[in-house]
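Peer 1: Please work out how this folds:
(one chain, ligands or ions: 1)
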Amino acid sequence: MKVAKELLEELVTANRILAREDIVDSFGHVSIRHPGIPDHYLMSRARAPECIDVDDLMEFTRDGAAVDAAGRKAYAERFIHGAVYEMRPDVLAVVHHHSHGVIPFGVTGMALRPLIPLAAAIGADVPTWDSRTSFGDTSLLVTNMAMARDLAATLGTRTVALMRGHGCVVAGGSLREVVLNSVYLNLNADLQMQAHALGEVTFLSQGEIRAVLETRGAFTYERAWERWCRRAGRPYDVRPMEGPLADV
Ligand SMILES: [Zn+2]
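Peer 2: Sure, this is the predicted structure:
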């Protein structure tokens with residue numbers, strides 16, 4: 001099934017933004033659920049996100065098989081995306097990244113919690129998945145569906161799960177939402193480290209988290225996305241509030 005060019009361009013833009021904002025480097029990836037085949041997803045071939053173009057985008061089945069590889073090599077950790085889409089019908093976009101800010105929290109058991117409103121969506125109980133618990137000594141890479149489903153179970157209904165010694169997975173209801181939450185997850189982690197060095201940290205309360213998320217609308221995502229498009233050298237396409245592209 002053919003996918004709208006605008007949607008593919010949006011996915012390219014998401015890759016470039018995540019690279020420009022230092023959320024991904026040579027590694028890490030972002031995907032969207034296929035708009036016409038809900039148990040398929042779209043993501044790039046194995047390539048640094050900063051370098052990705054439309055021709056790099058591939059379609060995968062839920063289990064991570066390429067529909068038409070055409071000689072292109074897939075990301076080894078693509079299974080993460082399929083497992084999240086399988087477990088979470090509400091999720092339309094997924095980011096897996098290894099941003100430096102989150103790593104210390106995954107290896108120490110120190111709880112990562114939102115302390116600024118723009119990070120509210122990470123929630124008050126960010127879990128950490130440890131590959132060693134169920135799979136013993138591995139490379140830590142999620143290279144099959146069994147590991148990916150175990151990770152997705154740890155994520156549960158949340159927005160974020162950390163991965164011990166590795167990175168995290170971020171799930172969202174749209175591409176713009178998942179990118180915003182990835183950027184502010186990393187910023188919150190950096191700020192929490194700095195604040196912790198000064199003293200006891202006051203986090204957002206559950207009520208404050210709820211209040212922020214109740215008032216968050218398209219305006220927040222659009223304002224951030226426009227600026228990030230500018231910084232990444234990509235055209236900004238105002239997202240319609242309704243219609244087939246609205247939730248992507
Ligand atoms: Zn990884």
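Peer 1: Contacts made by the helix or strand containing residue 10 with the rest, please.
Peer 2: Element membership of residue 10, judged by DSSP states H and E, is helix 5-20. With Cβ atoms under 8 Å, 6 or more residues apart in numbering as the contact definition, helix 5-20 has outside contacts at 24-25, 28-32, 35, 42-44, 48-50, 52-54, 57, 93, 95, 97, 175, 178-179, 182-183, 225, 228-229, 231-235, 237, 245, 248. Glycine gets a C-beta too; all of them are placed from N, C-alpha and C.
Peer 1: quick one, helices of this protein?
Peer 2: 5-20, 79-87, 103-108, 131-135, 145-155, 175-198, 206-215, 218-232 (DSSP state H).
Peer 1: Adding mean neighbour count as columns, could you present the ones you listed in JSON lines?
Peer 2: Shown next, in JSON lines, are the helices of the chain (neighbours: other Cβ atoms under 10 Å):
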{"stretch": "helix 5-20", "mean neighbour count": "20"}
{"stretch": "helix 79-87", "mean neighbour count": "25"}
{"stretch": "helix 103-108", "mean neighbour count": "16"}
{"stretch": "helix 131-135", "mean neighbour count": "14"}
{"stretch": "helix 145-155", "mean neighbour count": "20"}
{"stretch": "helix 175-198", "mean neighbour count": "20"}
{"stretch": "helix 206-215", "mean neighbour count": "13"}
{"stretch": "helix 218-232", "mean neighbour count": "16"}
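Peer 1: Let me have those in CSV, extended by distance to residue 68 and mean pLDDT.
Peer 2: Listed next are these as CSV, based on distance: least, Cβ to Cβ, whole Å; pLDDT from 0 to 100:
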stretch, distance to residue 68, mean pLDDT
helix 5-20, 14, 97
helix 79-87, 17, 98
helix 103-108, 35, 98
helix 131-135, 31, 98
helix 145-155, 20, 98
helix 175-198, 22, 98
helix 206-215, 39, 96
helix 218-232, 28, 96
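Peer 1: In contact with residue 91, which residues are there?
Peer 2: 33, 84, 85, 171, 172, 173.
Peer 1: same question, residue 179
Peer 2: Residue 179 makes contact with 14, 17, 18, 30, 93, 95, 172, 225, 228, according to Cβ under 8 Å, 6+ apart.
Peer 1: For residue 112, state which of those residues is nearest.
Peer 2: Nearest to residue 112 among the contacts of residue 179, counting by Cβ to Cβ, is residue 95 at 15.9 Å.
Peer 1: can you pull the pLDDT of the residue positioned nearest the centre of the chain?
Peer 2: In the chain, the residue lying closest to the centroid (Cα atoms, centre = their mean) is residue 95, at 2.2 Å. According to the prediction, residue 95 has pLDDT 98.
Peer 1: For it, list each beta-bridge partner.
Peer 2: residue 30, residue 170 (DSSP bridges).
Peer 1: which residues sit in contact with it?
Peer 2: Counted by Cβ under 8 Å, 6+ apart, residue 95 has contacts 18, 23, 24, 28, 29, 30, 169, 170, 172, 178, 179, 182.
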